[in-house]
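Q: Compute the structure for the input listed below.
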Amino acid sequence: MKFTRLALAATLVATSAGFVGSAFAQDQFIPLLSYRTGAYAPNGIPWANGKQDYLKLVNERDGGINGVKIAFEECETGYATDRGVECYERLKSRPFVAAVDPQATGITFALTEKAPVDKIPLITLGYGLSIAKDGNAFPWNFPFMGSYWTGSDILIQHIAKKAGGFDKLKGKKIALIYHDSPFGKEPIPVLQERAKMHGFELQLLPVTAPGVEQKATWLQLRQSRPDYALLWGWGVMNSTALKEAQATGFPRDKLYGVWWAGAEPDVRDVGEGAKGYQALALNGFGQTTKVSQDVLKFVHDKKAGTGPRDEVGSVLYTRGMIISMLTVEAIRTAQEKYGKGKAMTGEQVRWGYENLNLTEARLKELGFDQIMRPVKTACNDHMGSSWARIHSWDGKKWNMGSDWYQADDKVLDPLIKEQGDKYLADKKMTRRAECK
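A: Alright, predicted model coming up:
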């Protein structure tokens, strides 16, 4: 009787955490920090659903990672840093924790000092600590595919191209409308550097979180009349900004968003009023991609989808799938070194993250070839890729631009070194032994 109760309890815990198969097997555990409540839920929900559904897909379609099933458990943060840290502390003690996706820049900042102690890597695709590209300074942070520094650099490149060259930016005024938080403040150093290089004036306009009240900000914008404006928002702040742009008559084709302000929830309620608005596109999207078709077949057709079927393939849902795919492939890479068919420790997964080589051929095998460019990391390069495109809203749908932009390392690397050294000095931390 005692054994039966224990077995039943273990099975119930395993099921709630997303286990498939025996509760006593060595499953690979992936914590899923999320926010399905609060002002940021409309954006956080599809992101979280994409992460979870891809893990379900790997379990159902592939039988796990070389036979190792994936366990997962969501923890609601509400986008609050303190709640995010609580989730991390609660879930980090589970066996074979692969990595943590904080899903918020503020939470990332709070966990950056904890990760090296706990030996758990942080995956922060397209967000987090921009200087963490330097793997020698931040060996446990992985800002895959881009940071707020690469994003802001690419936006200035795009604006310069449309204007006819960087020299045409001299004397112009560019406003940054930003979420007054670590997330919103991240691009400022790069924009200040670009302003010095090209002679444009940078106007900084913070918006108090969550961003539902912006009338004073847009009154300032109307008075200063910038040539271009950048929107560094998240959640309800984005649709509010677009409505204010429409109300004040600011040209939407002169307004450019970060990739967290360029998804369906940001423009859906504004519709035609946001026509002409452009935003960074970190990834492609759509239900016709192979990976989306696989999710529909192996997850949704079996009534196991986390959210609604028509959400599959949307911008943020797809980004969630990419995050989980990168972690799965890091685990697979680590298994090549440490043993196929075994669950990996956080240290071993970190090695996998540092040795990813997702070629175009491999992305095609995984069904992501229409979605992203190849990613190749190294121990001193934790980003692996810094390419992005621009997509535009036509009033009904997003249309992807054909031009790919790559962040300029000549501009960013000196800043990364300078700010990385300062961060380490302030925190009394040191670089690990130089690696190549």
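Q: May I have the phi/psi pair for residue 281?
A: Dihedral pair for residue 281: phi -120, psi 110, per degrees, to the nearest 10.
Q: For it, give its distance to residue 168.
A: Going from residue 281 to residue 168 by CB to CB, to the nearest Å gives 24 Å. All C-beta atoms are positioned from the backbone trio N, CA, C, and that covers glycine.
Q: more crowded one of those two?
A: Legend: neighbour count by other CB atoms under 10 Å for residue 281 and residue 168, higher for residue 281 (20 against 15).
Q: Where does the prediction get shaky in the chain?
A: 1-25, 436 (pLDDT under 70).
Q: Show me where it has its strands.
A: 28-34, 70-76, 122-123, 141-142, 173-179, 201-207, 228-232, 255-257, 278-281, 357-358, 375-376, 387-393, 398-400, 405-406 (DSSP state E).
Q: Excluding chain neighbours, what is closest to residue 262?
A: When the adjacent residues along the chain are set aside, residue 262 lies closest to residue 279, with 2.7 Å between them (CB to CB, 6 or more residues apart in numbering).
Q: Share the number of residues neighbouring residue 117, please.
A: Neighbours around residue 117, by other CB under 10 Å: 8.
Q: Based on its surroundings, how many neighbours for residue 288?
A: Using other CB under 10 Å, residue 288 has 9 neighbouring residues.
Q: ok, residue 111 touching residue 103?
A: No - between residue 111 and residue 103 there is no contact under CB atoms under 8 Å: 11.1 Å.
Q: Identify the contacts common to these two.
A: Jointly contacting residue 111 and residue 103 under the rule CB atoms under 8 Å, 6 or more residues apart in numbering are residue 84.
Q: Residue 300 touches residue 312, doesn't it?
A: Yes - if you go by CB under 8 Å, residue 300 and residue 312 touch, sitting 6.7 Å apart.
Q: just to revisit the earlier point, doesn't residue 261 make contact with the residue nearest to residue 262?
A: Yes - Residue 279 is in contact with residue 261 according to CB under 8 Å; the separation is 5.6 Å.
Q: joint contacts of the two?
A: Between them, residue 279 and residue 261 share these contacting residues under CB under 8 Å, 6+ apart: residue 231.
Q: List the buried residues in stretch 357-366.
A: 358, 363, 366 (16 or more other CB atoms under 10 Å).
Q: brain fart, stretch 276-288
A: With burial defined by 16+ other CB under 10 Å, the residues of stretch 276-288 counted as buried are 276-285, 287.
Q: Over to stretch 345-353?
A: Residues of stretch 345-353 classed as buried: 345-346, 348-353 (neighbour count, 16+ other CB under 10 Å).
Q: again with stretch 302-312
A: 304-307, 311-312.
Q: residues contacting the residue nearest to residue 41 when sequence neighbours are not counted?
A: In space, and not counting its chain neighbours, residue 41 is closest to residue 35: 6.1 Å by CB to CB, 6+ apart. By CB under 8 Å, 6+ apart, residue 35 lies in contact with 41, 44, 48, 76-79, 103-104.
Q: Which parts of the stretch 151-300 of the chain are helices?
A: Applying DSSP state H, counting those that start in this stretch to the stretch 151-300 of the chain gives helices spanning 182-185, 188-198, 215-224, 236-248, 264-267, 290-298.
Q: Can I get those helices in CSV including distance to residue 391?
A: Shown next, in CSV, are the helices of the stretch 151-300 of the chain (distance: least, CB to CB, whole Å):
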stretch, distance to residue 391
helix 182-185, 21
helix 188-198, 21
helix 215-224, 23
helix 236-248, 14
helix 264-267, 11
helix 290-298, 17
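Q: most neighbours per residue, which of those?
A: helix 264-267 (a mean of 24; mean count of other CB atoms under 10 Å).
Q: rewinding a little: which member of the buried residues of stretch 345-353 is positioned nearest residue 233?
A: residue 353 (28.9 Å; CB to CB).
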